[in-house]
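Q: The following block contains a protein sequence and its predicted model.
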Amino acid sequence: MEQKEIRLNAGKRKSLTNDYRRHCESLSTELKDQYNQAREEATSAIASAFETATTVVQRRFPLEDVDTLQQLQRKHNTINAVGDDSCFYFKVTDAPKVLDQYNDEVEKSKHFSFELDGSINGSYGSRYGGGSSNNGKNFAYAMYREEMKAVGLNPDCNIEHDIKKEGTTHRHDNNPYLSTCRNENNSFLNGQTGGSNMYEDWNNSYVLQIIGTGGCRSRAIPCSDLEFQKFEMMIQAKQNVVTKHTKWIESIVAKVSRFEQGIKTMTKFSQVEKFASHSKVNWKIDDEILADKIGMDVVVSIDDLADALDNIDKPKQTRDEKLHARMLYEQSKVSSVN
């Protein structure tokens, strides 16, 4: 049997492109290291900020007052004065006013969320902050990227969408694929696909009891400027995670895009294998793709084909003739060895 050159088609190119991306993501690069370091720093900054938030909130709402109200709440079902929260509106009381986005003087205040998908943007005087409604989701995707990839989800969907959107004059927010990705990601993080509720598990680690009503307890909680700076450091650390995740994935997408251009010029599988073995690439092509390639490249040799054609109009051998031919073949092999 001979092996022929396997020619590439659209399906093989797509499989190879997907595998090349897997390879790129597995490499240890400076951008990937920066992304992982940003996640570690954010975890530390969030823990430190929450420790400060606990001090600030319990100073404003002493635990004995909370306990008293909870007793009344249990006694009178109509009372709802105490609630658990993971997002807070802090206002500085010992520093000059600052300028907002309209250049007006306002008190230094901001909404800070410890929730996994809470806002990571904002401006002074703005309770909920500005920016994309997905900015908090991007942080969640970046923190749980490996878990999401392991079940076949795409935690990079918003980044990829923004890359494709660059340079266009119309919106693509109604992209069905993007909507599907976001919905599936959200279902996974919510525990709706059978796993644990990661949103809930995360948020339960950053819960404080607040006296008051309203979403995120709308009344501003006073704090010092130094305490406020600690909360700002948390926001910056969370933003840095999203930024570093974005830069790393942008580099991955750029490499894969260039590879897609290159593989279109290749016609044979051997060309891809040569590229993969290059010292600057060192890509181990997935075993399933290689198995598929090997399973398709066996062809009949010229001699076999000639014999097959020659035997078409000849009478079929009897059983005895076949055994005799086999015996002569075995004897010829022994003779050749000797």
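A: Looks like it came in fine.

Q: CA only for contacts and neighbour counts going forward, please
A: Fine.

Q: Low-confidence bits of the chain, can you list those?
A: Across the chain, residues meeting the criterion (pLDDT under 70) sit at 1-4, 78-79, 122-134, 167-173, 213-218, 293-317, 319-320, 322-338.

Q: residue boundaries of the strands in it?
A: Chain-ordered strands for the chain, with DSSP state E as the definition, fall at 2-3, 82-85, 87-92, 98-99, 105-106, 109-113, 208-211, 221-223, 298-299.

Q: Ok, which of the ones you listed comes nearest T243?
A: strand 109-113 (18.3 Å; CA to CA).

Q: from the strands of the chain, which stretch is densest packed?
A: Most buried of the strands of the chain by mean neighbour count (mean count of other CA atoms under 10 Å) is strand 109-113; its value is a mean of 25.

Q: now for that strand, which elements pack on it?
A: strand 87-92 (3 or more CA pairs under 8 Å, 6 or more residues apart in numbering; DSSP states H and E).

Q: Next, the distance between the ends of stretch 261-270.
A: Between the opening and closing residues of stretch 261-270 we find a distance of 17 Å, counting by CA to CA, to the nearest Å.

Q: can you list the residues that contact that stretch?
A: Contacts of stretch 261-270 from elsewhere in the structure, counted by CA atoms under 8 Å, 6 or more residues apart in numbering, are E5, I6, R7, L8, R13, V272.

Q: Next, count neighbours for the last one.
A: What that stands for is V272. Counted by other CA atoms under 10 Å, the residues lying close to V272 total 17.

Q: Tell me how far it lies from I285.
A: Between V272 and I285 the distance, using CA to CA, works out to 9 Å.

Q: how about the closest residue to F188 other than its chain neighbours, phi and psi?
A: Closest residue to F188 in three dimensions, ignoring its sequence neighbours and counting by CA to CA, 6 or more residues apart in numbering: G195, at 7.2 Å. Summarising the backbone geometry of G195 under the convention degrees, to the nearest 10, its torsions are phi -90, psi -170.

Q: how far away is G195 from T43?
A: Here G195 is placed at a distance of 22 Å from T43 (CA to CA).

Q: ditto for V151
A: As defined by CA to CA, V151 lies at a distance of 24 Å from T43.

Q: Which of the two has more residues huddled nearby?
A: Between V151 and T43, counted using other CA under 10 Å, the more crowded position is T43 (15 against 9).

Q: From M234, how far out is the more buried one?
A: Here the distance between T43 and M234 works out to 9 Å (CA to CA).

Q: Over to G195?
A: When distances are taken as CA to CA, G195 and M234 turn out to be 28 Å apart.

Q: try D156
A: Applying CA to CA, the value for D156 to M234 is 23 Å.

Q: Compare neighbour counts for the two and give me the winner.
A: Each of D156 and M234 had its neighbours counted (other CA under 10 Å), and the higher figure belongs to M234 (25 against 20).

Q: these two touch, right, the more buried one and E51?
A: No. Applying CA atoms under 8 Å, one finds M234 not in contact with E51, separated by 11.6 Å.

Q: Counting neighbours, what do you get for the residue nearest to F188?
A: Using other CA under 10 Å as the criterion, G195 is surrounded by 11 other residues.

Q: can you put the strands of the chain in a markdown table and add distance to V56?
A: As requested, those are arranged in a markdown table below (distance: least, CA to CA, whole Å):
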| stretch | distance to V56 |
| --- | --- |
| strand 2-3 | 74 |
| strand 82-85 | 14 |
| strand 87-92 | 9 |
| strand 98-99 | 21 |
| strand 105-106 | 21 |
| strand 109-113 | 13 |
| strand 208-211 | 11 |
| strand 221-223 | 6 |
| strand 298-299 | 73 |
